[in-house]
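Chemist: Any chance you can model this:
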Amino acid sequence: MIDSHCHLTDPRLLEQIDPVLSRAALAGVARLITIGTDITDAQDAIELCGKYPQLRCAVGIHPNYCHEAELADIAKLEQFERHPSVVALGEMGLDYHYTLAPHDRQRQFFVAQLNLAAQRNRNVIIHCREAVADALAILQGFARLAVFHCFTGSIADAEAILAAGHWISYTGVITFKKNDALRECVKLTPRDRLMVETDAPYLSPEPFRSQKVNEPSLVIHTAAVVANVWGVSVEEVDRVTTANVGRFFGVW
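Modeler: From the prediction side, this is the model:
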């Protein structure tokens with residue numbers, strides 16, 4: 001199985017990286033994609049991939065950090081994007097839940113990164129909270145694939161994303177008992193446009209929700225819920241989502 005989105009450069013995971021990766025392997029999570037969220041984090045992600053052959057990474061400027069970035073950083077992203085361990089751009093997008101960065105600045109960095117992705121023929125990873133309509137409007141006409149990672153929106157949001165041709169990735173949030181509507185979103189997501197992830201160290205799944213630090217080994221619990229919704233085995237979910245990661249990221 002592949003954890004398609006985690007943050008291994010976060011100190012909570014990086015400080016115990018060997019045990020984290022060992023536990024992932026024991027759980028059957030053999031490959032992982034770690035995500036850089038600003039210029040420094042992106043460089044750290046690339047360096048980490050150089051040490052572990054089972055890792056790949058994406059590089060981008062997260063909307064909640066773009067107020068600390070400069071547009072000149074896009075040129076640095078272009079340099080990073082050429083590294084062989086990099087498989088996508090992102091995470092990028094819009095976050096209207098928090099007020100860390102003004103919306104206009106978020107949109108400016110989102111568009112700049114999409115332009116880079118178009119120039120470099122890269123697929124993108126989208127961070128989107130309470131901003132689906134605006135994100136889809138900006139993505140309109142973007143020719144590459146986009147995955148809305150850590151989807152926690154409404155059924156209407158999911159329908160809009162899918163109608164626009166994009167993909168959806170689900171985290172351990174779908175394991176939470178109250179999230180029947182989110183599991184309905186899993187049901188309506190085409191199987192060839194769905195991925196699973198942890199977003200570790202965030203969002204530990206049931207039955208480990210009280211565990212403060214999520215880690216890639218626990219992606220199997222998200223896969224188990226997808227299997228239940230689909231009425232198939234976890235092994236089938238593994239097969240499908242692994243193939244999807246390969247098609248989206250062009251790796252493995």
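
Chemist: C-terminal to the helix or strand hosting residue 119, what's the next element?
Modeler: When secondary structure is defined by DSSP states H and E, residue 119 falls within helix 103-120. The helix or strand immediately downstream of helix 103-120 is strand 124-129, counting by DSSP H and E.

Chemist: roughly how far is that next one from the heart of the chain?
Modeler: Distance, stretch centre to chain centre, for strand 124-129: 7 Å (CA atoms, centre = their mean, to the nearest Å).

Chemist: Identify the residues contacting that strand?
Modeler: For strand 124-129, the external contacting residues (CB atoms under 8 Å, 6 or more residues apart in numbering) are 5, 35, 58, 60, 62-64, 88-98, 113-114, 117, 135, 139, 142, 144-150, 152-153, 166. Using the backbone N, CA and C atoms, a C-beta is placed for each residue, glycine as well.

Chemist: rewinding a little: hey, C-alpha coordinates of the helix holding residue 119 in CSV?
Modeler: Taking C-alpha atoms only, helix 103-120 is exported to CSV below (Å, rounded to 0.1, in the frame of the first residue of the first chain):
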residue,chain,number,x,y,z
HIS,A,103,-7.4,35.4,0.3
ASP,A,104,-6.1,37.5,-2.6
ARG,A,105,-2.5,36.5,-1.7
GLN,A,106,-3.5,32.8,-1.5
ARG,A,107,-5.1,33.1,-5.0
GLN,A,108,-2.0,34.8,-6.3
PHE,A,109,0.3,31.9,-5.2
PHE,A,110,-2.2,29.3,-6.3
VAL,A,111,-2.3,30.7,-9.8
ALA,A,112,1.5,31.1,-10.0
GLN,A,113,2.0,27.5,-9.0
LEU,A,114,-0.6,26.2,-11.5
ASN,A,115,1.1,28.2,-14.2
LEU,A,116,4.4,26.5,-13.3
ALA,A,117,2.7,23.1,-13.3
ALA,A,118,1.2,23.8,-16.7
GLN,A,119,4.7,24.8,-18.0
ARG,A,120,6.3,21.7,-16.6
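
Chemist: could you give the angle of that helix to strand 124-129?
Modeler: An angle of 160 degrees separates the directions of helix 103-120 and strand 124-129 when computed by axes from the mean of the first three to the mean of the last three CA atoms, to 10 degrees.

Chemist: Return the mean pLDDT over helix 103-120, rounded to an integer.
Modeler: For helix 103-120, the mean per-residue pLDDT is 98.

Chemist: before we move on, back to that, keep only those of the contacts of strand 124-129 that are in helices.
Modeler: In helices, defined here by DSSP state H, the members of those are 113, 114, 117, 135, 139.

Chemist: List buried residues within those residues.
Modeler: Among those, those classed as buried by neighbour count (16 or more other CB atoms under 10 Å) are 113, 114, 117, 135, 139.
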